[in-house]
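Colleague: Quick one: sequence plus predicted model below, questions after.
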Amino acid sequence: MSLNDLLVNLNLIMPITILTAWACVLLLVDLFIPKERKGITALLAALGLLVALALVISRAGVATSAFNGMIMIDGFATFMSVIFLFSGLAGIAVAYDYLIRSGIERGEYYVLLLFSIVGMMLMAAAADLIMVFLALELLSIPLYVLAGIAVPRPDSEEAALKYFLLGAFASGFFLYGTALVYGATGSTALTEIVSATTSGGVNLSFLVIGAGLILVGLGFKVAVVPFHMWTPDVYQGAPSSVTAFMAVGAKAAGFAALLRIFVLAFPPLAMDLTPVLWALAAFTMIIGNVIAIAQRNIKRMLAYSSIAHAGYIMMALVPYGQGNVAADTVASALFYLLAYMLTSFAAWAVVIALEHNMGEGRDTDGLSLEDYSGLGQKQPALAAAMTVAMLSFIGIPPTLGFVGKFYLLRTVIEGGFPGLALIGLLTSLVSAYYYLRVVVYMYMRDGEPVVRREPWLYFTALATAVGVVVLSIFSEPLFNWASQAVLKLI
Amino acid sequence: MVPIQYFIGLSAILFTIGILGVLIRRNAIIIFMSVELMLNSANLAFITFARMYQSLDGQVFVFFVMAVAAAEVAVGLALIVAIFRNKQSIDVDQINSLHG
Amino acid sequence: MIPDMILFILLAIVAVTSALGMLLSRSAVYSALNLVLNFGTVAVLYLLLGAPFIALAQITVYAGAIMVLFLFVIMLLGVEQLRKGSALPWQQTLAIISGLLLLALTAYVIFIRPMTLPQVSPTQLGFGTPGAIGEILFNKYLLPFEVTSVLLLVAMIGAIVLTGKREPKTKT
């Protein structure tokens, strides 16, 4: 590739190029920022994200491939990039004061966050399995480090070690799956996999087992049952600001890869894979929601809630092989990921605002349900944001979660899986119990919640909560945008 | 030339031993080495398929996997060293202040 | 034909034995050394498969750098003796059952089900040499190559963040 070609291609993926360069520059700039003023690094990182966001949006109409088909810049990649960049901004906002008060503020935090987002954006745009693998590593390795950034706090170290070992294990599955797919089709490019499969002559058993192993590898990343064991421990042990970012970003990136790989490369295997996906989605929704009921610690409860939501999004993937529904599959999954991102950050911002006394006594860390007693009287704004988040998680109007679930269920029924839709509906009803319990504690119990008055946390909680309500009213254009994203994917 | 499926069979056996290592052993370093064995068995499969298709793509993937393995090892061993400084133990069972 | 086959069988036996040795050794140092042997054996298999460059990279990167790092950490931490019988009983059974299932599946797919793998033709001259690999690496796979470099940078930052000097206020 000549220098000129290189520049042309780098220009095609400009938002990613800029963000990578910015992260490298920030690493150097950070050296000259005094220890007490690492907030400047945070602001500069946020600035980089904003520039990338502007670039992504300004190029929204472009659909092209770059770097010899390694990357596909299209509506799908654009939509996901917007989600990732917003979660990056929210991730910085919730971390800003939290890191200072926990005594773990370091400039590298923000640099690693940026690199992780680069990995996520590459993952959503990757059109080759080997590219997906590298992007997966690029987004995961910074997250392993971030989970352990509070060393020598024991729970943070253990969370990091568990996350790391399980993540590396999952990469092993993904890689072996890739090898088998390569062996069956002779290529790892998604378009060539599908053309080799449809033209026949491939070793189908290798291909199906390979696709299954890829599903296992990504299943660990998005935390579907039975690959979810690490989630509660890691979510609880990692610093809360990292958990908030990881719960949204890593999950969304995993689903981006699953959607693109399955919808682009594996439709010919739908006969074999659909029952597997069906079972994964059903078990994830049931087990995630049922175990969440037993949780008294809010971080663990949200961890199981995030597992359950992986099940809901998985539900959209079940009918992926049916040509007429495939477009809706991707659109409803994208829409639900957006709803999940906003709702999740509203909830986590409130959790971080109430967390306190890190590392001293487990019962007084502001993370148990009892600590939310009386929040409704003392901090009506935060309590309202939390209420909106809980309603949206359940799927009660007027929230984005309701609209998202509506589209998901519609897709599943259109695809001919009413049983699965019924499980989704029933588990949502079950989930109402533990989500509403938080609301009951906030408004109907008396207590003296200890709350941090930190402007960026308040801003994040309120802005995302308002977004959840307002966007649900204008959900039609948003869903159309998601549908546009899809047409170019297929 | 040895038939291709023998090589694939060998790589599948190594992959299985790697999985068993992760599931059976409780020592973080051994689990980590088992993961390396899994990556290595995938590499063997890549090289075999590259030979079968007479294309260099498979060999280039192995090159990337080696770089990824190096990156994982750097971070993973750093974590283990950091934990050992505090705990004097890297037994996954002894790390139990978080339990499900 | 025949010498190739004998060589393969010998190498396969060494590879499987050393992998099992890694799995079953009581001592972490023995595990690491077994793994080095395994990686070395696999490197010879790479030579058989027409990948001389990757075979050498395997020895220098895997068996050399990576495993030396492992051994270094094991000896630094002094954790070579491991507690016995610490795995949960059901977990061990489960692992062994799933392992046997996987092996059975492998045997079925590879040896019993009719194969559609194409017949192998002899390699052309220059297959797998550094020149050929470099050519494809810097053309078709330029972006993955660049991403790898970013990945190594991130790993370096990560390792320094995790083990570097700590602030006094975070000490417990």
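Modeller: Thanks, I have it.
Colleague: so where do the helices sit in chain B?
Modeller: For chain B, helices defined by DSSP state H occupy the ranges B:4-24, B:28-53, B:57-87.
Colleague: does residue A:253 sit in a helix, a strand or a coil?
Modeller: helix (DSSP: H, G, I helix; E, B strand; the rest coil).
Colleague: mind checking which helix or strand the closest residue in space to it that isn't next to it in sequence is in?
Modeller: Spatially, and ignoring its direct neighbours in sequence, residue A:253 is nearest to residue A:120 (4.1 Å; Cβ to Cβ, 6 or more residues apart in numbering or on different chains). (Glycine included, C-beta is placed from N, CA and C.) Using DSSP states H and E, residue A:120 sits within helix A:107-125.
Colleague: about what we covered before: and the helices of chain B: which comes nearest chain A?
Modeller: Closest approach to chain A among the helices of chain B is made by helix B:28-53 (3.5 Å; Cβ to the nearest Cβ).
Colleague: average pLDDT across that closest one?
Modeller: Here helix B:28-53 scores 93 as its mean pLDDT.
Colleague: Please apply the same query to stretch C:70-82.
Modeller: pLDDT averaged over stretch C:70-82 gives 76.
Colleague: what about the residue nearest to residue A:253, neighbour count?
Modeller: By the criterion of other Cβ atoms under 10 Å in any protein chain shown, residue A:120 has 28 neighbours.
Colleague: I'd like to know how far it sits from residue A:145.
Modeller: 16 Å (Cβ to Cβ, to the nearest Å).
Colleague: what does residue A:188 give?
Modeller: Taken as Cβ to Cβ, the span from residue A:188 to residue A:145 is 28 Å.
Colleague: Which of the helices or strands spans the most centrally placed residue in chain C?
Modeller: With distances taken as Cα atoms, centre = their mean, the residue of chain C nearest its centroid is residue C:39 (6.0 Å). Assigned by DSSP H and E, residue C:39 belongs to helix C:28-48.
Colleague: Please export the alpha-carbon coordinates of that helix; PDB is fine.
Modeller: Extracted C-alpha coordinates of helix C:28-48, given in PDB (Å, rounded to 0.1, in the frame of the first residue of the first chain):
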ATOM      1  CA  ALA C  28       4.300 -24.100  38.400                       C
ATOM      2  CA  VAL C  29       7.900 -24.200  37.200                       C
ATOM      3  CA  TYR C  30       7.400 -27.700  35.700                       C
ATOM      4  CA  SER C  31       4.200 -26.500  34.100                       C
ATOM      5  CA  ALA C  32       6.000 -23.600  32.500                       C
ATOM      6  CA  LEU C  33       8.800 -25.800  31.300                       C
ATOM      7  CA  ASN C  34       6.400 -28.300  29.800                       C
ATOM      8  CA  LEU C  35       4.600 -25.500  28.000                       C
ATOM      9  CA  VAL C  36       8.000 -24.300  26.600                       C
ATOM     10  CA  LEU C  37       8.500 -27.800  25.200                       C
ATOM     11  CA  ASN C  38       5.000 -27.800  23.800                       C
ATOM     12  CA  PHE C  39       5.600 -24.500  22.000                       C
ATOM     13  CA  GLY C  40       8.900 -25.700  20.700                       C
ATOM     14  CA  THR C  41       7.300 -28.900  19.300                       C
ATOM     15  CA  VAL C  42       4.600 -26.900  17.600                       C
ATOM     16  CA  ALA C  43       7.300 -24.700  16.000                       C
ATOM     17  CA  VAL C  44       8.700 -27.800  14.400                       C
ATOM     18  CA  LEU C  45       5.200 -28.700  13.100                       C
ATOM     19  CA  TYR C  46       5.100 -25.200  11.600                       C
ATOM     20  CA  LEU C  47       8.200 -26.000   9.700                       C
ATOM     21  CA  LEU C  48       6.600 -29.200   8.400                       C
END
